[in-house]
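J.: Here is a sequence together with a model predicted from it:
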Amino acid sequence: MSDPHKEAWKDNADGTAVIADDPWLENWQDSLRYRFKQYNEKKCAIEEHEGGLENFSQGYTYLGMIPNRNGINIREWAPGAKEMFVFGDFNGWNRYEHRMEKDEFGVWSIFLPNKKDGSPPIAHASKVKYMLISHHDHHLERNSAWAKYVVQNPETNLFDACLWNPAEKDTYKWKHPDHNPRPKSVKIYECHVGMSSCDAHVASYDYFTDWVLPRIKKLGYNTIQIMAIMEHAYYGSFGYHVTNFFAVSSRSGSPEGLKRLIDTAHSMGISVLMDIVHSHASSNEMDGIGNFDGSGGQYFHEGDRGYHSLWDSKCFDYGKWEVLRFLLSNLRFWVDEYHFDGFRFDGVTSMLYTHHGIHMSFSGNYDEYFGYQMDVDANVYLMLGNEMLHELYPDSMITIGEDVSGMPTLCRPVHEGGIGFDFRLAMAIPDVFIELFEKVPDEHWNIGHLVHTLTNRRWNEKTIAYFESHDQALVGDKTMAMWLMNADMYYHMEVDKWPTEAVERGIALHKVLRLLVYSLGGEGYLNFMGNEFGHPEWIDFPREGNGFSYNHARRRWDLPANEGLRFKFLEKFDELMHAVEEEHFFCREKVHQYVVLQNEEDKVIVVEKGDRLVFCFNLHPWKQYDNYRVGTNWRGKYKTVLDTDSWNTGGGGRASWDDKETSDEGWNDRKASLFVTIPPRSAQVYYCFEWYDEGMEGTPKSAEASKAKMRKDGVKSRWLRGWRALRNPRRHRKRKCERMGSKVGGLERWLTV
């Protein structure tokens with residue numbers, strides 16, 4: 001029987017089709033129509049005046065420094081400048097020799113012809129800058145907003161734009177397809193090239209390619225999400241205070257080195273996402289685009305609206321034509337020139353609302369999402385960006401929105417009235433665990449609340465779940481492993497010694513909780529570099545407050561490589577988790593999920609998931625359950641495919657790995673039952689390798705077959721929907737340019753090199 005509400009809304013073409021899946025949105029249909037109308041008008045204007053989004057988003061081929069066979073065209077949008085000149089190595093740094101001309105749109109230009117010998121007027125990798133004279137007669141030195149490469153001057157510490165135009169023999173030659181097909185199960189390894197070395201220095205693109213990519217491939221991740229690619233003058237900003245949006249971070253090497261990294265990843269079947277920052281820009285005027293033309297606005301809103309008080313940064317004015325060109329072209333540039341397969345958009349909450357989410361505690365009330373606080377221009381930009389990317393790269397593109405507010409429609413298609421992202425981040429999950437570690441004894445953990453947090457996601461909006469991203473380990477906090485084991489990590493991780501209670505608990509829970517998040521938290525999974533083996537301590541980039549030390553801005557690959565330490569067990573378990581998902585898919589879109597049991601007294605969670613898998617979790621700190629009966633709708637024979645308590649992952653080997661057969665006696669509202677052993681602080685995953693109902697139905701062994709059979713039996717998968725959005729994570733902190741108050745502590749013994 002059809003749903004009359006769904007039928008009434010699902011085919012609407014005015015931006016309200018999203019209401020079909022969410023009746024709570026009906027009260028806000030006017031806001032949705034208005035947003036969609038603004039999007040449609042902007043898109044039509046771009047088609048009329050620029051020939052469409054595909055042409056409009058190629059500004060990087062026209063603006064900036066563009067070499068051709070006859071010389072170099074230089075163009076720059078600076079409507080607030082009174083005069084403009086270009087200078088640099090090519091003219092002996094004469095700031096006023098080469099005057100540029102301004103057109104009616106505020107674009108300044110000059111053509112520099114080749115020299116008499118046919119060589120280019122500006123040599124490859126030579127420095128080039130602008131001199132702008134504002135209407136207040138201020139003389140301003142600037143880098144091109146479209147610069148492809150900038151380097152730091154060791155004498156002044158300022159960054160200078162360079163013309164990147166290598167000879168053909170020095171240009172990287174792509175060897176593999178431009179893009180990888182979008183993976184069915186997105187397993188993301190979040191990483192930072194600069195801090196990827198075990199040594200205390202900034203690592204290179206080549207180092208990451210040769211040493212880190214093979215590790216990622218071996219672990220089983222199929223996607224990497226690279227942070228801090230766009231140039232940022234302040235290394236300690238973690239790449240979130242961008243100064244040069246089209247420039248590869250020169251600390252780690254050249255553009256050709258990054259191309260080699262991405263091409264190599266593609267050869268391994270790994271998709272490459274970029275952590276892109278279009279929510280704000282560094283207020284640094286000398287290196288970046290802040291106050292570029294001296295007008296106080298240009299790319300950004302003027303006055304208070306153009307300043308983010310918590311981040312000390314500039315907020316874009318997404319309603320301006322040239323700002324849209326700049327940002328949309330930035331997306332195209334990274335995809336076309338470097339072959340990125342997608343983006344994780346940082347700080348989306350700041351973009352969605354005129355208040356930028358500052359001092360807001362989102363409760364899930366829809367009044368908080370729509371109305372005057374919505375930044376319609378920013379919403380429209382995100383819709384245009386997502387639409388453009390998915391239309392131009394339909395088979396490979398992945399977009400992820402980092403939003404703490406829980407904005408409805410964030411991950412619905414644009415044509416329905418949504419914003420168009422593929423995934424949102426489940427940002428509340430790690431905060432719940434940290435609160436438990438910090439305040440609640442293990443035996444008092446609220447199992448129902450935990451399951452609710454993991455499953456409370458919007459219907460038909462995909463989610464990337466994670467136990468730990470980079471956010472949890474920034475200075476002022478610490479890694480999950482450190483939360484669990486604290487100082488015992490320094491002294492008691494030897495394999496040949498009996499573990500302390502803290503180490504035994506920490507290793508057990510680190511495995512169990514990762515698997516719990518992986519199995520229940522969403523349709524994709526993310527892990528930050530090094531946390532797969534329980535990286536100790538925290539992340540802290542060189543700054544005055546820590547003596548400009550790189551000690552906490554690196555990854556300790558030597559720890560899991562040391563056979564005498566227990567870190568290897570955590571890493572091995574990570575590898576096994578991904579292997580099970582690859583074989584018996586459970587973390588992807590629209591697979592079967594049913595929470596069979598959440599027992600508060602026993603601290604047991606049982607879940608049916610994916611390709612006939614039954615997950616059994618025991619979070620009780622000391623109780624072991626033998627012959628524990630759990631319900632399942634798959635009658636048949638089961639084998640163990642994953643065990644957090646196995647010997648090879650540092651466990652006690654207490655669970656039986658014998659094959660098991662179901663009883664026809666129903667249990668937990670399921671039609672069959674299974675007897676299992678669940679040791680304390682452990683989890684086991686059982687696979688129904690012989691499904692008794694399969695032969696009768698003549699269906700193949702797949703999750704689709706399972707779902708079809710369940711539907712035939714009248715059993716619905718529990719897609720725990722929750723019309724209300726995710727709560728605002730209490731502990732989430734946005735990265736800031738300055739982070740002070742680093743915790744005091746030193747790595748000792750094997751943690752010291």
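T.: Received, thanks. If you're wondering where the values come from, they're calculated on a predicted model, not measured in any experiment.

J.: show me where pLDDT drops low in the chain?
T.: By pLDDT under 70, the low-scoring segments of the chain are 1, 695-753.

J.: which residue is nearest the middle of it?
T.: The centre of the chain sits closest to residue 344, judged by C-alpha atoms, centre = their mean, with a distance of 4.4 Å.

J.: neighbours around residue 270, how many?
T.: Close neighbours of residue 270, defined as other C-beta atoms under 10 Å, add up to 21. Bear in mind the C-beta positions are built from the backbone N, C-alpha and C, glycine included.

J.: and if you look at residue 371?
T.: Based on other C-beta under 10 Å, the number of other residues close to residue 371 is 12.

J.: need the contact list for it.
T.: residue 31 (C-beta atoms under 8 Å, 6 or more residues apart in numbering).

J.: Please, which helix or strand holds it?
T.: For residue 371, there is no host helix or strand (DSSP states H and E).

J.: how about the helices in the stretch 151-300 of the chain?
T.: For the stretch 151-300 of the chain, helices defined by DSSP state H, counting those that start in this stretch occupy the ranges 205-207, 213-219, 255-267.

J.: you'd agree residue 480 is up against residue 430?
T.: Yes - look at residue 480 against residue 430 with C-beta atoms under 8 Å: they come within range, at 7.4 Å.

J.: who's more crowded, the two?
T.: residue 480 (25 against 22).

J.: which one is the more buried one nearest to, not counting chain neighbours?
T.: What sits nearest to residue 480 in space, not counting adjacent residues and going by C-beta to C-beta, 6 or more residues apart in numbering, is residue 468, at 4.7 Å.

J.: State the number of residues packed around that neighbour.
T.: The number of residues near residue 468, taken as other C-beta under 10 Å, comes to 28.

J.: With residue 459 instead?
T.: Taking other C-beta under 10 Å as the criterion, the count of residues near residue 459 is 11.

J.: where does it fall, phi/psi-wise?
T.: Phi and psi for residue 459, reported as degrees, to the nearest 10, are phi -60, psi 130.

J.: re the thing from before, the residue nearest to the centre of the chain belongs to a strand, doesn't it?
T.: Yes - when classified by DSSP: H, G, I helix; E, B strand; the rest coil, residue 344 is found to be part of a strand.

J.: Tell me the spacing between the closest residue to residue 457 other than its chain neighbours and residue 425.
T.: Spatial nearest neighbour of residue 457, chain neighbours left out: residue 463 (4.6 Å); criterion: C-beta to C-beta, 6+ apart. As for residue 463, its distance to residue 425 is 7 Å (criterion: C-beta to C-beta, to the nearest Å).

J.: which ones are touching the nearest residue to residue 138 once chain neighbours are set aside?
T.: By the measure of C-beta to C-beta, 6+ apart, the closest residue to residue 138 outside its immediate chain neighbours is residue 294, 5.5 Å from it. Counting by C-beta under 8 Å, 6+ apart, residue 294 makes contact with 80, 81, 132, 134, 135, 136, 138, 140.

J.: State whether the last one is indeed within a helix.
T.: Read it as residue 140. No - under three-state DSSP, residue 140 falls outside any helix and is assigned strand.

J.: Now do the contacts for it.
T.: In this structure, residue 140 makes contact with 131, 132, 133, 134, 285, 294, judged by C-beta under 8 Å, 6+ apart.

J.: let's go with 6 Å and repeat that
T.: By C-beta atoms under 6 Å, 6 or more residues apart in numbering, the contact set of residue 140 is 132, 294.

J.: which other residues reach stretch 467-475?
T.: Applying C-beta under 6 Å, 6+ apart, the set of residues contacting stretch 467-475 from outside is 190, 430, 479-480, 513-514, 517, 528, 531, 538-540, 739, 742.

J.: when you check those against the strands, which ones overlap?
T.: In this view, these that belong to strands under DSSP state E are 190, 528.

J.: Show me which pair in the contacts of stretch 467-475 is furthest apart.
T.: Taking C-beta to C-beta as the measure, the contacts of stretch 467-475 span a maximum distance of 27.8 Å, between 517 and 742.

J.: ok, those two, which is more surrounded?
T.: The neighbour comparison of residue 517 against residue 742 (other C-beta under 10 Å) goes to residue 517, with 24 against 15.

J.: Return the residues in contact with that one.
T.: Here residue 517 is in contact with 429, 465, 467 (criterion: C-beta under 6 Å, 6+ apart).

J.: now swap in residue 334 and tell me
T.: With contacts defined as C-beta under 6 Å, 6+ apart, residue 334 is in contact with 274, 340.

J.: I'd assumed it was in a strand, is it?
T.: No - counting by three-state DSSP, residue 334 is not part of a strand but helix.

J.: Distance-wise, check it relative to residue 258.
T.: Counting by C-beta to C-beta - residue 334 and residue 258 are separated by 10 Å.

J.: cool, and residue 29?
T.: Using C-beta to C-beta, we find residue 29 at a distance of 45 Å from residue 258.

J.: Would you mind telling me which of those two has the busier surroundings?
T.: Comparing residue 29 with residue 258 by neighbour count (other C-beta under 10 Å), the higher total belongs to residue 258, at 27 against 18.

J.: Residue 236 versus the more buried one, what's the distance?
T.: Taking C-beta to C-beta, one finds residue 258 at 21 Å from residue 236.

J.: For the residue nearest to residue 457, list each beta-bridge partner.
T.: Here residue 463 sits in beta bridges with residue 424, as judged by DSSP bridges.

J.: ok, it touching residue 522?
T.: Yes - counting by C-beta atoms under 6 Å, residue 522 is a contact partner of residue 463 at 3.4 Å.

J.: which neighbours do the two share?
T.: Each of residue 426 lies in contact with both residue 463 and residue 522 under the rule C-beta under 6 Å, 6+ apart.

J.: Looking at those two, which is more packed in?
T.: A direct count of neighbours by other C-beta under 10 Å for residue 463 and residue 522 places residue 522 higher, at 27 against 23.

J.: I'd say the more buried one and residue 461 touch.
T.: No - here residue 522 lies out of contact with residue 461, judged by C-beta under 6 Å, at a distance of 10.0 Å.

J.: If any of the contacts of stretch 467-475 are buried, put those into a PyMOL selection.
T.: The PyMOL command for the buried members of the contacts of stretch 467-475 (criterion: 16 or more other C-beta atoms under 10 Å) is given here:
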select buried, resi 190+430+479+480+513+514+517+528+531+538+539+540+739
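
J.: will you turn the contacts of stretch 467-475 into TSV that also has distance to residue 367?
T.: Supplementary listing: the contacts of stretch 467-475 in TSV, determined by distance: C-beta to C-beta, whole Å:
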residue	distance to residue 367
190	33
430	27
479	37
480	35
513	34
514	36
517	31
528	34
531	37
538	37
539	37
540	39
739	33
742	39
